[in-house]
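K.L.:
Quick one, what's the 3D model for this:
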Amino acid sequence: MHKSIKMLSLLLLLASSSAVKAQEAVAENADLMRSNGKIYVVVAVVVTILLGLFAYVFNLDRKISKLEKNS
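P.N.:
Take a look at the predicted model:
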């Protein structure tokens, strides 16, 4: 039992340290993309995908509601 707790805490510690390094790399990449103007393309693509997903879910909800009323 104690060995598994030690292993779990070690894994959490390693994961947290790698997360900090990943955040530094993300910040550097974001600065690079902002300087090149590519961040706006990334934001536009993400917003387009999210809007498409929301429209799909809204349309699916309407169809399901319509089917529930009919039966």
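K.L.:
per-residue confidence for the residue nearest the centre of the chain?
P.N.:
Nearest to the mean C-alpha position of the chain, by C-alpha atoms, centre = their mean, lies residue 46 at 10.3 Å. Residue 46 is assigned 95 on the pLDDT scale.
K.L.:
Could you pull up the contacting residues of it?
P.N.:
For residue 46, the contact set (C-beta atoms under 8 Å, 6 or more residues apart in numbering) is empty. The C-beta positions use only the backbone N, C-alpha and C, and glycine is treated the same way.
K.L.:
same question, the one 10 residues further on
P.N.:
Residues in contact with residue 56, defined by C-beta under 8 Å, 6+ apart, are absent; none qualify.
K.L.:
With residue 33 as the reference, measure out to it.
P.N.:
Distance, residue 56 to residue 33, using C-beta to C-beta, to the nearest Å: 28 Å.
K.L.:
Over to residue 7?
P.N.:
In terms of C-beta to C-beta, residue 7 sits 38 Å off from residue 33.
K.L.:
which strands and helices sit next to the top helix by length along the chain?
P.N.:
Ranked by residue count under DSSP state H, the longest helix found in the chain is helix 2-36. The helices and strands touching helix 2-36, judged by 3 or more C-beta pairs under 8 Å, 6 or more residues apart in numbering; DSSP states H and E, are helix 39-70.
K.L.:
Go through the helix-or-strand element of the chain with minimal mean pLDDT and flag the buried ones.
P.N.:
Using mean pLDDT, DSSP states H and E, helix 2-36 stands out as the lowest-scoring helix or strand of the chain, at a mean of 73. Within helix 2-36, no residue is scored as buried using 16 or more other C-beta atoms under 10 Å.
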